[in-house]
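Visitor: Mind folding the following:
(chains A and B)
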Number of protein chains: 2
Amino acid sequence: MATIPAERLEQFIADAFRAVGIPTDDAATIAQLMTGIDLRGLDGHGIFRLPPTIQRIKAGGINVKPTITVKQETPSTAIIDGDNAVGHLAVNKAVQVAMDKAEQCGVAWVGTTNNNHAGAASIYAMMPMERDMIGIYMAVGSANHLPPWGGIDMLLSTNPIAFAIPGLEEPPIVMDMATTVASYGKVKMAADRGEIMPEGWMIDAEGKPLTDPTRMNDGFLVPIGGYKGYGLALIIGLLAGTLNGAAMGKDVVDFNADFKSLANTGQLIIALDIKAFADVETFKRNVDIVIRSMQGSATLPGFDQVMVPGQQSHEKLERFTHDGIPVVAPLMARLDALAAELKIDPLN
Amino acid sequence: MATIPAERLEQFIADAFRAVGIPTDDAATIAQLMTGIDLRGLDGHGIFRLPPTIQRIKAGGINVKPTITVKQETPSTAIIDGDNAVGHLAVNKAVQVAMDKAEQCGVAWVGTTNNNHAGAASIYAMMPMERDMIGIYMAVGSANHLPPWGGIDMLLSTNPIAFAIPGLEEPPIVMDMATTVASYGKVKMAADRGEIMPEGWMIDAEGKPLTDPTRMNDGFLVPIGGYKGYGLALIIGLLAGTLNGAAMGKDVVDFNADFKSLANTGQLIIALDIKAFADVETFKRNVDIVIRSMQGSATLPGFDQVMVPGQQSHEKLERFTHDGIPVVAPLMARLDALAAELKIDPLN
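Guide: This next block holds a predicted model:
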């Protein structure tokens, strides 16, 4: 396992995107966002996604010179047309528009359409905190691994939702969750490691627990809380997809299998201005009080401590900023092959 | 089990509230909302809550002649001060304010403070649909039955979230979920019936499954998806409680045990104007397509059909509107006692 300084990782990503025709500024923006994902240890969504994203660009499935526009707007809402860009760019624009509107109106809800996969949800939910706002982000996932509850047709993705709420002295509460018990990435990692999965992650077409991850194609992910997680995935898909005129349900293109078809991915960001509700410092102090009261709870047997959402990612952020970002050998091999293919300096 | 026409149930509720000093118009509003809850079969939140609400009023824990005000506002946000009213009144006002603001701005987010328990979440999430809007509602629950994940201190309620999204020919998608696998009401109903609970509803202080509902006080509810449901409950509490200056976490008053202390319950409603994003009829038609594709899925063994959230409640609404609302004998006995105490006509 190599450990790469964040600056180097970011430069490598920018080099790769420039090499396939993405303009310098856009390449820098994507590289910064992808690196931010790896810095928080969300390692299935950062540089891990660089090779398939480059593959999609080379297959003609992504527009390298998009014109990202505000397709329609009201004082507190907008739809951003991504023009089939690398997803990060249109969501980044959506967050900026949402923050400007929330500054004026108190809250804003901005969706994207005609976009692509944009990496980890929490990165976007966290952005409004720079302006003392709360962020909420939802997205239609880029592959369907979830049937409706009681069904077996793969009609839904693990459609994620993320929230970010700032504290004063405490790190922010940042929640980033798939609506399934385990993400598909976790299943793949278990397969890579030759591990057996716990019961509850997947079921087979008979409804029986599926614990052998090499049989993942014979089964489905299980939604959190059964029908509740299914309902959340459905609603997130309607809000982030259907409402924006983006793909949802059976129209979702599997980005692991099809590198060419228009994905038409949809996302949404809500920015909520704290000062519309409360004195900002008082609110943040009250968030700290809540965080500390949770962390101060006595623990169940088997638990050392009680954490709040985002705490582990924040600890990784501090460690990886200081020590560098770990890159496992199989990924490094793929990145070396990519560097050779694109004729850019290797990462390490 | 008696079956009571909705009009009679509504009249009885209004009579009860008038008898304890609530003005006629307010009593009618609460009665209509409570009856709407029972009509959808959400039977732990409707007339079931009438006797304890009257008890709270008699104990001085609720203000019968509140002045409900807009405490502060921006173009797209507001906080409604409930003045310690029966909760339904302030949330009803919050929804009206949110719809008016969303009409102007595209989206609105309105919170409540200084309020009380307001019944079932879905009733409020559904209101914006009257004006072709999507509704999202969150609330801080009125009793803590949930520790943070890995903890044993009862610091959180089952803080619910509800969404309502209209279809064109299909009934709306209405999701109303506690952030725990089972609600506390379901546990109490299992105890009443002498049933054993499935594993996964509750754990005891050792972290072991608790399946005997008569031992409910020795254990805690289990959040959906483990740490995910805990995170959702925490965030809903911060957004619906802390941000509005309402009670959250350790400050929540248990409304089953304390009928006198100021509850300072917080809720929030988001109204999202569909026409800010899409042609309304086209959107609703696309929702129908998604609904039908979910319902059209092949099923797992043990399932007759795939449903969408709100489908069962909608079926109950149609049946109960036609046939009347079922009231179980123990509840009827409590309502008869209440009628005698308040010197109003009995329900049946």
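
Visitor: Quick check: A:Ala125 touching A:Ala162?
Guide: Yes. Assessed by C-beta atoms under 8 Å, A:Ala125 is found in contact with A:Ala162 at 3.9 Å. Heads up, the C-betas are built off the backbone N, CA and C, glycines and all.

Visitor: overlap in contacts of the two?
Guide: A:Gly135, A:Ile136, A:Tyr137, A:Val174, A:Asp176 (C-beta atoms under 8 Å, 6 or more residues apart in numbering or on different chains).

Visitor: Include distance to chain B when you put those into JSON lines, please.
Guide: Shown next, in JSON lines, are these (distance: C-beta to the nearest C-beta, whole Å):
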{"residue": "A:Gly135", "distance to chain B": "11"}
{"residue": "A:Ile136", "distance to chain B": "9"}
{"residue": "A:Tyr137", "distance to chain B": "13"}
{"residue": "A:Val174", "distance to chain B": "9"}
{"residue": "A:Asp176", "distance to chain B": "9"}
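
Visitor: Who has more neighbours out of A:Ala125 and A:Ala162?
Guide: A:Ala125 (29 against 24; other C-beta atoms under 10 Å in any protein chain shown).

Visitor: what about the helix or strand hosting that one and chain B, any contact?
Guide: In this assignment (DSSP states H and E), A:Ala125 forms part of helix A:121-126. No. Using C-beta under 8 Å from any C-beta of the partner chain, helix A:121-126 stays clear of chain B, with a minimum separation of 10.6 Å.

Visitor: who touches that helix?
Guide: Applying C-beta under 8 Å, 6+ apart, the set of residues contacting helix A:121-126 is A:33, A:36-37, A:40, A:42, A:91-92, A:94-95, A:118, A:135-139, A:160-164, A:172, A:174-176, A:267, A:269, A:310, A:313.

Visitor: Could the C-alpha coordinates of that helix be exported in CSV?
Guide: C-alpha atoms of helix A:121-126 as CSV (Å, rounded to 0.1, in the frame of the first residue of the first chain):
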residue,chain,number,x,y,z
ALA,A,121,-22.5,12.8,-1.7
SER,A,122,-21.0,14.3,1.5
ILE,A,123,-18.5,16.5,-0.4
TYR,A,124,-21.4,18.5,-1.9
ALA,A,125,-23.5,18.5,1.3
MET,A,126,-20.5,20.0,3.1
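
Visitor: The contacts of helix A:121-126 in strands, which ones?
Guide: A:135-139, A:161-164, A:174-176, A:267, A:269 (DSSP state E).

Visitor: Now that we have the residues you listed, which of them are buried?
Guide: A:135-139, A:161-164, A:174-176, A:267, A:269 (16 or more other C-beta atoms under 10 Å in any protein chain shown).

Visitor: Same list, the residues you listed, but as CSV with pLDDT and distance to A:Thr214 please.
Guide: Converted to CSV, these look like this (pLDDT from 0 to 100; distance: C-beta to C-beta, whole Å):
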residue, pLDDT, distance to A:Thr214
A:Gly135, 98, 38
A:Ile136, 98, 37
A:Tyr137, 98, 33
A:Met138, 98, 32
A:Ala139, 98, 28
A:Ile161, 97, 30
A:Ala162, 98, 30
A:Phe163, 98, 35
A:Ala164, 98, 36
A:Val174, 98, 33
A:Met175, 97, 31
A:Asp176, 95, 27
A:Gln267, 98, 32
A:Ile269, 98, 37
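
Visitor: At which residues are the strands of chain A located?
Guide: A:2-4, A:69-73, A:77-81, A:107-113, A:133-139, A:161-165, A:173-177, A:202-204, A:209-210, A:219-221, A:267-273, A:325-327.

Visitor: need those strands in CSV with distance to B:Ala257, can you?
Guide: As requested, those are arranged in CSV below (distance: least, C-beta to C-beta, whole Å):
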stretch, distance to B:Ala257
strand A:2-4, 54
strand A:69-73, 49
strand A:77-81, 43
strand A:107-113, 36
strand A:133-139, 32
strand A:161-165, 29
strand A:173-177, 29
strand A:202-204, 40
strand A:209-210, 40
strand A:219-221, 40
strand A:267-273, 33
strand A:325-327, 50
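
Visitor: Of those strands, which is nearest A:Leu347?
Guide: strand A:2-4 (6.1 Å; C-beta to C-beta).

Visitor: Which strands or helices does the closest one pack on?
Guide: With contacts taken as 3 or more C-beta pairs under 8 Å, 6 or more residues apart in numbering or on different chains; DSSP states H and E, strand A:2-4 sits against strand A:325-327.

Visitor: which helices and strands does the strand it packs on pack with?
Guide: strand A:2-4, helix A:6-19, helix A:24-39.

Visitor: Turn these into TSV, columns for mean neighbour count.
Guide: Below are these laid out as TSV (neighbours: other C-beta atoms under 10 Å in any protein chain shown):
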stretch	mean neighbour count
strand A:2-4	15
helix A:6-19	20
helix A:24-39	21
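
Visitor: Nearest to A:Gly207, out of those?
Guide: helix A:24-39 (34.8 Å).

Visitor: what about the closest one, distance to the chain center?
Guide: 13 Å (C-alpha atoms, centre = their mean, to the nearest Å).

Visitor: what does stretch A:135-147 give?
Guide: 9 Å.

Visitor: That stretch spans what distance, first to last residue?
Guide: 29 Å (C-alpha to C-alpha, to the nearest Å).

Visitor: Against chain B, how distant is A:Ala333?
Guide: 33 Å (C-beta to the nearest C-beta, to the nearest Å).

Visitor: Equivalent analysis for A:Thr67, please.
Guide: From A:Thr67 to chain B the distance is 21 Å (C-beta to the nearest C-beta).
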